[in-house]
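return atomic coordinates for the entry below.
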Amino acid sequence: MKTKLERPLRWVGSAKKDFCDFPPGVQDDFGYALHLAQWGADVVPGAKPLGKGVLKGLGIIELVDDHDGDTFRTVYTARLGRAVYVLDAFKKKSKHGIATPKHETDLIRQRYEAAARDARERGEL
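Model (predicted):
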C-alpha cells in the first residue's frame, strides 16, 4: 500500500501576506482546506475549479468563504511539481455578480506562470 506524503505549501507573490490579513475564522477554514490539498484529498470543502478564460485547463482551484458580509477567496494549484502553490488571496470587493474580477484573473495567471517557473527550476516539471 502506497502512503501519501504531505506536499509543501508554496506561496507566490503577496498571497501569504494577503492571507494573513483575513479574519481568523477564514484563515482557519482555508488553512484546513489547503492542508487537505497538501495531503492529496480528492474532495476539499469549499473548493471549486477556477476554469474560465485564460485560466481554463490549468488545474486552478478557488476557495470561497463568506464572513460578516464579506467574501474572501484563496486560489491555489496542486498540479505543478510536488507542491501546492497558493497563487492569490483576496477579499472580493465587487458587489456585482460572482465572477472573479479581471485584474485578479490577470494576477492569478502571472503567478501561475511564476509558480511553473519555480517548479521547473526545482526540477519538478
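
buried ones in the helix or strand of the chain with the lowest mean pLDDT?
One helix or strand of the chain scores below all others by mean pLDDT, DSSP states H and E: strand 47-49, with a mean of 91. For strand 47-49, the neighbour count (16 or more other C-beta atoms under 10 Å) marks A47 as buried. All C-beta atoms are positioned from the backbone trio N, CA, C, and that covers glycine.

how far out from the middle of the chain is it?
9 Å (C-alpha atoms, centre = their mean, to the nearest Å).

and that strand, what does it pack against?
Applying 3 or more C-beta pairs under 8 Å, 6 or more residues apart in numbering; DSSP states H and E, one finds that strand 47-49 makes contact with strand 60-67.

and the strand it packs on, C-alpha only, in CSV?
This file holds the C-alpha atoms of strand 60-67, laid out as CSV (Å, rounded to 0.1, in the frame of the first residue of the first chain):
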residue,chain,number,x,y,z
ILE,A,60,-6.5,26.1,-10.6
ILE,A,61,-8.8,25.8,-7.5
GLU,A,62,-10.7,28.6,-5.7
LEU,A,63,-11.7,28.5,-2.1
VAL,A,64,-14.6,30.8,-1.2
ASP,A,65,-15.7,31.8,2.3
ASP,A,66,-18.3,34.4,3.3
HIS,A,67,-17.7,36.1,6.6
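
can you tell me the strand partners of that strand and which way each runs?
Sheet pairing of strand 60-67 (DSSP bridges) gives strand 47-49 (antiparallel), strand 70-77 (antiparallel).

which strand or helix spans A114?
Taking DSSP states H and E as the criterion, A114 maps to helix 102-121.

mind listing what's buried in that helix?
Within helix 102-121, the residues scored as buried using 16+ other C-beta under 10 Å are E104, T105, L107, I108, R109, R111, Y112, A115, A116, D118, A119.

distance check, the first one against A47.
In this structure, E104 lies at 17 Å from A47, with C-beta to C-beta, to the nearest Å as the measure.
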